[in-house]
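# Show me how the following folds:
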Amino acid sequence: MPTWPQVYTPFLENLWLSALLASLPVGVLLGLIAFTKIKAHVSALFGLVTALLVAIRIY
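Got it, this is the predicted structure:
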């Protein structure tokens, strides 16, 4: 049975860009809480949507 290789860096040449895109949902969550004074549960929904978009579109 062949194994499936897990890709941790979608941009193989640029590890920093891959790490930046992976940290984007956390940045959205904390940025909305800190700078826009949106409540935590609403910010969590925005972070979730961002994580889904990054996972579907990039990874």
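
# Mind checking what helix or strand follows the least confident helix or strand in the chain by mean pLDDT in sequence?
Taking mean pLDDT, DSSP states H and E as the measure, the helix or strand of the chain with the lowest value is helix 15-22, at a mean of 88. The first helix or strand that comes after helix 15-22 along the chain, using DSSP states H and E, is helix 24-35.

# got the angle for that following helix vs helix 15-22?
60 degrees (axes from the mean of the first three to the mean of the last three C-alpha atoms, to 10 degrees).

# So which elements touch helix 24-35?
The elements that helix 24-35 packs onto, with contact taken as 3 or more C-beta pairs under 8 Å, 6 or more residues apart in numbering; DSSP states H and E, are helix 40-57. Heads up, the C-betas are built off the backbone N, CA and C, glycines and all.

# re the thing from before, give the buried residues for the least confident helix or strand of the chain.
By 16 or more other C-beta atoms under 10 Å, the buried positions in helix 15-22 come out as 18, 21-22.

# and T50, what does it touch?
24-25, 28-29 (C-beta atoms under 8 Å, 6 or more residues apart in numbering).

# run the last query once more with 6 Å
24-25, 28 (C-beta atoms under 6 Å, 6 or more residues apart in numbering).

# roughly how far apart are it and W4?
Distance, T50 to W4, using C-beta to C-beta, to the nearest Å: 26 Å.

# Same check on A51?
A51 sits at a distance of 22 Å from W4 (criterion: C-beta to C-beta).

# quick one, which of those two is more surrounded?
A51 (16 against 6; other C-beta atoms under 10 Å).

# Skipping adjacent residues, who's closest to that one in space?
Nearest residue to A51, sequence neighbours excluded (C-beta to C-beta, 6 or more residues apart in numbering): P25, at 3.9 Å.
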